[in-house]
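Engineer: One predicted model, sequence on top.
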Amino acid sequence: MLLGRLKLCCRLQKFMRMISINHENLYTLCRHLGISKDKAHFIMLKQPYITKFCEEDIQSMVKTVYDLGYPKDILIDYPNLFYMLPVTLKNRYKILEECGFKEITPQLLLSYLNIMKQKTVGELRSGGLIPQFFNMENRLASCMTQWPTSLTTLIYGDVNSLTLHSLRLKIIQRYLELVIDLTEDEFLRGLKTYPTLQHRPLKAINETLVILQSQVAMPKYKIKSNLYLIHADPDNLTQILFKLRELGGIDVKDVIRMYPKLATKNYSTLQEIKDILEKHGIGSEAQSRCFQVFTLSPRTVEERLTHAKTTPEFSLYINHPRFLKIILYNKTVLKRIINLKNQNKKCLSLNVLSGSSVRYESFEKAPGDRLGKGKDLVFAISQVLGSGFPTKNIRNTLRKHPFWINIPLVEVRYVCDKLTKDFSPQDIYDNVAVLLYPWNKIRKTIEDIHKVEALNGHVDINKLNKTQQLSLVVYMIEKEHYFSGNGVWTDDQQKNIVNLESKPTTKLKKI
């Protein structure tokens, strides 16, 4: 009795899930297919996976069907077509067209795999699906344009006994063997790694290789080692070459030769990412240092850049030439920050955060907490002060302090931002070592020296300029530490910063 009720409950839940139709998709179907609400509701009940589609998915499918010459009503009569991606539908249609099918119906597209892999050419002829008298081998070979003139036979044996799938594979293999010197073993490994290669139209393969070799000047060995390039859509690749033109100030052809994966990215996606980077002030130099960022999605790039601007550890490097490494390896960088903070290591350089695992592990295991060679420290300061101050002089001045590479960049930047409200960049530059000291000490010292009109009866604070006042602040802080440099430490820090106890840290938001 109880078991029966449980089964009934499960059926009821399943039914409720089926009728809980996404109303937004319901109205989208009505709008794009021109059908009533009841008809759209019926289609979504029969094909519940449509509820997961967004408007762009439905719109793209309707456009693809229209481009192939079908009325959009076929999506009503054959809603199973929604199972396929638009690019898959387009490829199937073109392949059947290349194979000489008389009439390519929606039912033919749905039974594509069965026709290509299960039926021989002879069976398709006798079934009237393809013309009775025409040379299938020559028809498929004519889709390629780079055959040697001396070549007379491509396939040995009876073509009628082969399936269209095996026949096409033989022609593709022979073509790649002649054009890029691909061996049989390399071809089979390529099919295993990129199985969808066998479902690419022959004309598309031919056009893609022509573009890669003649326009991009991609060497044969690079195409062989990156066979996914054959997946690249020739029309999209042409748009990248002639509309995008350059990435990071470098000719896009040179970029594709360096990073072949970009040839498979959608042109609109690359352009959108490029626009996002420029909107956030990421210049050509930074883009040219990390072209891999164009392999991410535009939404991911936008989210990570927005998050970086609100994260102190990231915003430090927003204008750094290698800043995009942080965006590319965002999750890894966040994990490293959290881990190092738990170990009370706060001197986080760009090399440690986005560098190799070997470099990170070396820093993690090393005693103490330091900024390496201090390049990032000088960079962070120079970004606030401006380009009018030589970085070499900033570095030489900072090096005189015994603990100049033991101060976290976040704290230095914070002090720098606070001082720029009341002091000019020139004042700070003349006393650049003041940036190494905690802001609480600097603020308290500034307040103290303004509370009295004279110091020890010798100095009138009102007669000192801003530069001299900052010099006095450093003097007063270090005076309490006998000018040893220990004034840079707060109460919870130690001079040698070795073997510090781990402290919990607030987890950073992950993108």
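Structural biologist: Thanks, I have the structure now. Numbers count the residues shown, from 1 in each chain.

Engineer: can we go C-alpha only for contacts and neighbour counts from here?
Structural biologist: Fine.

Engineer: show me the contacts for Pro298.
Structural biologist: For Pro298, the contact set (Cα atoms under 8 Å, 6 or more residues apart in numbering) comprises Thr269, Glu272, Ile273, Ile276.

Engineer: Go again with 10 Å.
Structural biologist: Pro298 makes contacts with Ser268, Thr269, Leu270, Gln271, Glu272, Ile273, Lys274, Asp275, Ile276, Leu277, Arg304, as judged by Cα atoms under 10 Å, 6 or more residues apart in numbering.

Engineer: Extract the residue ranges of the stretch 351-500 of the chain that are flagged as low pLDDT.
Structural biologist: Residues of the stretch 351-500 of the chain meeting the criterion pLDDT under 70: 452-460, 491-500.

Engineer: My read is that Arg443 contacts Val473, right?
Structural biologist: Yes: counting by Cα atoms under 10 Å, Val473 is a contact partner of Arg443 at 9.1 Å.

Engineer: Between the two, tell me which one has more neighbours.
Structural biologist: Val473 (23 against 14; other Cα atoms under 10 Å).

Engineer: three-state assignment of that one?
Structural biologist: Under DSSP: H, G, I helix; E, B strand; the rest coil, Val473 falls in the helix class.

Engineer: Could you check how far it is from Ile461?
Structural biologist: 11 Å (Cα to Cα, to the nearest Å).

Engineer: Need the residues touching each of those two.
Structural biologist: Jointly contacting Val473 and Ile461 under the rule Cα under 10 Å, 6+ apart are Ile449.

Engineer: could you point out which element follows the helix or strand hosting Tyr66?
Structural biologist: Using DSSP states H and E, Tyr66 sits within helix 55-67. The helix or strand immediately downstream of helix 55-67 is helix 74-77, counting by DSSP H and E.

Engineer: counting contacts, what elements does that following helix pack onto?
Structural biologist: Here helix 74-77 touches helix 23-33, helix 37-46, helix 55-67, helix 106-110, going by 3 or more Cα pairs under 10 Å, 6 or more residues apart in numbering; DSSP states H and E.

Engineer: Please enumerate the strands of the stretch 151-300 of the chain.
Structural biologist: Secondary structure of the stretch 151-300 of the chain by DSSP state E, counting those that start in this stretch: the strands cover 246-247, 250-251.

Engineer: Can I get those strands in JSON lines including mean neighbour count?
Structural biologist: As requested, the strands of the stretch 151-300 of the chain are arranged in JSON lines below (neighbours: other Cα atoms under 10 Å):
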{"stretch": "strand 246-247", "mean neighbour count": "18"}
{"stretch": "strand 250-251", "mean neighbour count": "14"}
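
Engineer: need these in JSON lines with distance to Val179 and mean pLDDT, can you?
Structural biologist: Listed next are these as JSON lines, based on distance: least, Cα to Cα, whole Å; pLDDT from 0 to 100:
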{"stretch": "strand 246-247", "distance to Val179": "28", "mean pLDDT": "94"}
{"stretch": "strand 250-251", "distance to Val179": "26", "mean pLDDT": "96"}
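
Engineer: where in the stretch 151-300 of the chain is pLDDT low?
Structural biologist: Counting by pLDDT under 70, the stretch 151-300 of the chain has low-confidence residues at 151-156.

Engineer: separation between Lys119 and Arg125?
Structural biologist: For Lys119, the distance to Arg125 equals 10 Å [Cα to Cα].

Engineer: was I right about Gly281 contacting Asn319?
Structural biologist: Yes: using Cα under 10 Å, Gly281 is in contact with Asn319, at 8.0 Å.

Engineer: Compare those two (neighbour count), which wins?
Structural biologist: Set Gly281 next to Asn319 and count neighbours by other Cα under 10 Å: Asn319 wins out with 17 against 12.

Engineer: all helices of the stretch 401-511 of the chain, in order?
Structural biologist: Using DSSP state H, counting those that start in this stretch, the helices of the stretch 401-511 of the chain run over 409-419, 425-430, 439-451, 466-479.

Engineer: and those helices as JSON lines, adding distance to Glu184?
Structural biologist: Converted to JSON lines, the helices of the stretch 401-511 of the chain look like this (distance: least, Cα to Cα, whole Å):
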{"stretch": "helix 409-419", "distance to Glu184": "56"}
{"stretch": "helix 425-430", "distance to Glu184": "67"}
{"stretch": "helix 439-451", "distance to Glu184": "68"}
{"stretch": "helix 466-479", "distance to Glu184": "74"}
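
Engineer: count of residues packed around Gly386?
Structural biologist: 12.

Engineer: Which residue ranges make up the domains of the chain?
Structural biologist: Residue ranges for each domain of the chain read 7-82, 84-231, 247-369, 375-490, as given by the TED database.

Engineer: Just the buried subset of the contacts of Pro298, please.
Structural biologist: Thr269, Leu270, Gln271, Glu272, Ile273, Lys274, Ile276, Leu277, Arg304 (16 or more other Cα atoms under 10 Å).

Engineer: what's the most distant pair in those residues?
Structural biologist: Maximum pairwise distance among the buried ones among the contacts of Pro298 (Cα to Cα): 17.6 Å, between Gln271 and Arg304.

Engineer: need the strands of the stretch 151-300 of the chain in TSV with distance to Asn465, can you?
Structural biologist: Below are the strands of the stretch 151-300 of the chain laid out as TSV (distance: least, Cα to Cα, whole Å):
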stretch	distance to Asn465
strand 246-247	48
strand 250-251	49
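
Engineer: okay if I get the contacts of Pro298 as a markdown table plus distance to Leu75?
Structural biologist: Converted to a markdown table, the contacts of Pro298 look like this (distance: Cα to Cα, whole Å):
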| residue | distance to Leu75 |
| --- | --- |
| Ser268 | 27 |
| Thr269 | 28 |
| Leu270 | 31 |
| Gln271 | 32 |
| Glu272 | 31 |
| Ile273 | 33 |
| Lys274 | 36 |
| Asp275 | 36 |
| Ile276 | 36 |
| Leu277 | 39 |
| Arg304 | 38 |
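
Engineer: Surely Phe82 and Lys52 touch.
Structural biologist: No: the criterion here is Cα under 10 Å, and Phe82 misses it with Lys52 at 11.2 Å.

Engineer: who's more crowded, the two?
Structural biologist: Phe82 (18 against 11).

Engineer: that's a helix at the more buried one, yeah?
Structural biologist: Yes: residue state for Phe82 (three-state DSSP) corresponds to a helix.
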